[in-house]
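# what's the 3D shape of this:
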Amino acid sequence: MSRAPNYEFQDWWNKQRVKNNLNILEEKSNQPISPSFHAINVDAAAGGGGGGGGVSSDMSVGKDRVRSARQLSWLCLLRFQQIAGSLVWISNNLVILVRTANRRIASPMSRDDSGSSRLYRAIRLFLIVVILLLGFELVAYFKGWHFSPPSVGSADVLGLVGIVYAKWLDIRAEYLAPPLQSLANLCTVLFIVQSVDRIVLILGCFWIKFWRLKPVAAVNYESNVDNGGVDVEDYPMVLVQIPMCNEKEVYQQSIGAVCILDWPKEKMLVQVLDDSDDVDTQQLIKAEVQKWQQRGIRIIYRHRLIRTGYKAGNLKSAMSCDYVKDYEFVAIFDADFQPTPDFLKKAVPYFKGNDELALVQTRWAFVNKDENLLTRLQNINLSFHFEVEQQVNGVFINFFGFNGTAGVWRIKALEESGGWLERTTVEDMDIAVRAHLCGWKFIFLNDVKCLCELPETYEAYKKQQHRWHSGPMQLFRLCFVDILRSKVSWAKKANLIFLFFLLRKLILPFYSFTLFCIILPLTMFLPEAELPAWVVCYLPGIMSILSVLPAPRSFPFIVPYLLFENTMSVTKFNAMISGLFRFGSSYEWVVTKKLGRSSETDLVALGKESESLIRSTSLHRSSSDSGIEELSKLELSKKTVKTKRNRLYRKELALAFILLTASVRSLLSAQGIHFYFLLFQGISFLVVGLDLIGEQVS
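Numbering: from 1, shown residues only. Prediction:
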């Protein structure tokens, strides 16, 4: 059937021709007439011959035609030169890009555990296979075999390629597709189970909001003593610990925030637990501690000579001091955390009259959640973790994983649970599980927030997530038998084993990586096994919407959040496997890099608090302690930050090419939703693999 003529285009073309002819005539009328041309016309007029005029007009038309042909030739040459220059520019830049990529991959800075890991080698082999399959499918597509697949019996007329393709169709239908479909069904079931768990958590959060359920404190330390409030003698002894290691960017603000806590000074002792191996950093932290000591704060500096056990070893060493027995509670803050002055008055009262309470955990708030796309996506994840997971578990079962900071522990509970152990990289989860097995209870305060900083680079975030997902598997191996032998109820044992460890720490990264990064691309090359559209698109979209509910301002980032979570599944899966099978990288502790993000108003407020503290203790205030000096130090630290170079992450790049290759195969089969998902997911892996997310890099 012939296509109908496009009259709109024809009308436009005719108008353009008329317009061009008018412009040419106008240019000719404006040109001066040469004398020779004028003389010819006069002679022709004097002779009275019409033939002369016809000859001149023919000559002028010929010149116009020659001139138009030359102009067209020059225009074509110009266009050809521009196209050639563009091609040369593209090829040169492509060569530079490839050389830079090779140099960046070979650089020691870009070498992480992915280069030599089993997972990376498996992904690289998978990439080679899908590229070969795509080439084979392209040949079949251009021969028309996608519309009329050849069979082995009729392939004799199709040649060797037809016989091979017909045999391939039989092999993939009989031997490859059935196990792939079974694995896809298994991962789909796991996905549904995890989705049901998330929906139950959301419903529990709505229940808490509707009935306004929240813990109730037996005493109010915020009341004024003159108005009949709590006497100073009734305040318990609190030990405040700040573990840090080479925290040059954040040590000053964290120490300052802890030292201005609104708590009787004789009832509080601050321990700065410095594990830094940099001498200059040690001197800076020690000078900061001495400055606050001169202001009357009970603060001490501790540095270990033998730095074993990372943070757990640091805390264990601090708790072994003789004076710790005089204190009833211990508050722990990582180096980038800045508690509000009333933090202890809001958290400690819940221990009064509740002897079974071991831990009061508070929520994190982030000073840099809007810094870049990476921090926005982290804010969605952590908002759901605190608002939903921690709050629901705290209200209904009195147990959740300790977040390692911004919490207050009963020292007696720590001692009865075995204290800090150095056997895993998640010492906070370890002590929480052991305390729960000993019968202690936890409380989560969603309305008490402690400021902290999110990783702004993908490198720092990747290392943090690797530790957070390998440690739980280490711990599960170590405490599985202890859970079975404990005296807690079978319901609590089942919650720990199936929900806390298996579903949320093992099954989630397993099905997320396997389903969307392995099975889905394979189903494009093995169409006999398929994933329904609701598994690929609709169910993940609903789960993403539920995840964004605790952070409603992040709704515009639902799609990037979904794609980024699938992209992070390779890191979480690798970490889970490393921790479960005790690979070397699972026991590596890397301190999360911080940039010391604090607003200038925070520093000014800190300066004002320090001024009032100085006046109350009648100490002389030196000029170096002013708020202006603090601001100048902040600006100096910003200027001395080294320029960061982006890295290349090979697992992410390999998976990007796998997904993009599968998207091309999906395009050949005209699968709409699968094609778009694979395309955008592949682009997401490519962006992350090129380190183009997070802090601006050069």
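# Now do the SS call for the most centrally placed residue in the chain.
Centroid-nearest residue in the chain: residue 374, 5.0 Å away (criterion: C-alpha atoms, centre = their mean). What DSSP: H, G, I helix; E, B strand; the rest coil gives for residue 374 is helix.
# Just give the nearest non-adjacent residue to it, would you?
Leaving aside its sequence neighbours, residue 374 sits nearest to residue 694 (C-beta to C-beta, 6 or more residues apart in numbering; 3.9 Å). Using the backbone N, CA and C atoms, a C-beta is placed for each residue, glycine as well.
# for residue 405, same thing?
Nearest one to residue 405, counting by C-beta to C-beta, 6+ apart, is residue 334 at 4.1 Å.
# so which strand or helix has that neighbour?
Residue 334 belongs to no helix or strand when assigned by DSSP states H and E.
# Could you report the distance from it to residue 485?
To residue 485, residue 334 is 33 Å away according to C-beta to C-beta, to the nearest Å.
# what about these two, which has more around it?
Per other C-beta atoms under 10 Å, whichever of residue 334 and residue 485 has more neighbours is residue 334, with 23 against 9.
# residues in contact with that one?
Shown in contact with residue 334 (C-beta atoms under 8 Å, 6 or more residues apart in numbering): 242, 243, 244, 254, 404, 405, 406, 452.
# swap the cut-off to 7 Å and go again
By C-beta atoms under 7 Å, 6 or more residues apart in numbering, the contact list for residue 334 reads 243, 404, 405.
# quick one: which of the residues you listed is nearest to residue 594?
Of all the contacts of residue 334, residue 594 sits closest to residue 405, with 12.7 Å by C-beta to C-beta.
# can I assume the closest one is in contact with residue 335?
No - the criterion here is C-beta atoms under 7 Å, and residue 405 misses it with residue 335 at 9.2 Å.
# Between these two, which has more neighbouring residues?
residue 335 (28 against 23).
# where does the stretch 101-250 of the chain dip in pLDDT?
101-116, 152-158, 223-230 (pLDDT under 70).
# Compute the first-to-last residue distance for stretch 324-339.
Using C-alpha to C-alpha, to the nearest Å, the end-to-end distance of stretch 324-339 comes out at 22 Å.
# swap that for stretch 665-674, please
End-to-end for stretch 665-674, by C-alpha to C-alpha: 10 Å.
# just to revisit the earlier point, now the residue nearest to the centre of the chain: how far from residue 84?
For residue 374, the distance to residue 84 - C-beta to C-beta - is 41 Å.
# what about the stretch 451-600 of the chain, any weak spots by pLDDT?
Within the stretch 451-600 of the chain, the stretches with pLDDT under 70 are 585-586, 597-600.
# Tell me where it has helices.
458-485, 490-494, 508-513, 520-525, 533, 539-548, 558-580, 600-617 (DSSP state H, counting those that start in this stretch).
# With respect to residue 367, which of the contacts of residue 334 is nearest?
residue 405 (14.7 Å).
# Can you classify the closest one by secondary structure?
coil.
# Name all residues that make contact with it.
Residue 405 sits next to 332, 333, 334, 337 when contact means C-beta under 7 Å, 6+ apart.
# beta partners of the first one?
In this structure, residue 332 bridges to residue 241, residue 407 when assessed by DSSP bridges.
# quick one: it and residue 411 touch, right?
No - between residue 332 and residue 411 no contact is recorded; they are 11.5 Å apart, counting by C-beta under 7 Å.
# Show the average pLDDT along stretch 268-287.
Stretch 268-287 shows a mean pLDDT of 95.
# and it, how far out from the chain's middle?
In terms of C-alpha atoms, centre = their mean, to the nearest Å, the centre of stretch 268-287 is found 31 Å from the chain centre.
# Quick check: end-to-end length of that stretch?
Taking C-alpha to C-alpha, stretch 268-287 runs 20 Å from one end to the other.
# Buried residues, that stretch. List them.
Going by neighbour count (16 or more other C-beta atoms under 10 Å), the buried part of stretch 268-287 is 268-276, 281-282, 284-285.
# nearest to residue 171, of these?
Using C-beta to C-beta, the buried residues of stretch 268-287 come closest to residue 171 at residue 275, 57.8 Å.
# Check the spacing between the closest one and residue 309 real quick.
10 Å.
# again, but for residue 647
As defined by C-beta to C-beta, residue 647 lies at a distance of 29 Å from residue 309.
# just residue 536 next, same as before
Residue 536 sits 44 Å away from residue 309, going by C-beta to C-beta.
# same thing with residue 548?
Distance from residue 548 to residue 309, by C-beta to C-beta: 38 Å.
# same question, residue 430
Residue 430 is 12 Å from residue 309, by C-beta to C-beta.
# Quick one: the strands in the stretch 101-250 of the chain, in order.
Ranges of strands in the stretch 101-250 of the chain, per DSSP state E, counting those that start in this stretch, are 238-244.
# count of neighbours near residue 254?
25.
# For it, give me its contacts.
242, 333, 335, 336, 337, 338.
# Next: residue 206.
Listed by C-beta under 7 Å, 6+ apart, residue 206 has no contact partners.
# Next one: it from residue 263, what distance?
Distance from residue 206 to residue 263, by C-beta to C-beta: 36 Å.
# same thing with residue 396?
From residue 396 to residue 263 the distance is 31 Å (C-beta to C-beta).
# Over to residue 506?
Distance from residue 506 to residue 263, by C-beta to C-beta: 41 Å.
# so, if you compare the buried residues of stretch 268-287, which one comes nearest to residue 579?
residue 275 (23.0 Å).
# and the nearest residue to that closest one once chain neighbours are set aside, backbone torsions?
Leaving aside its chain neighbours, residue 275 sits nearest to residue 245 (4.1 Å; criterion: C-beta to C-beta, 6+ apart). Note on residue 245: its backbone torsions stand at phi -150, psi 110 [degrees, to the nearest 10].
# Count the residues that sit near residue 245.
18.
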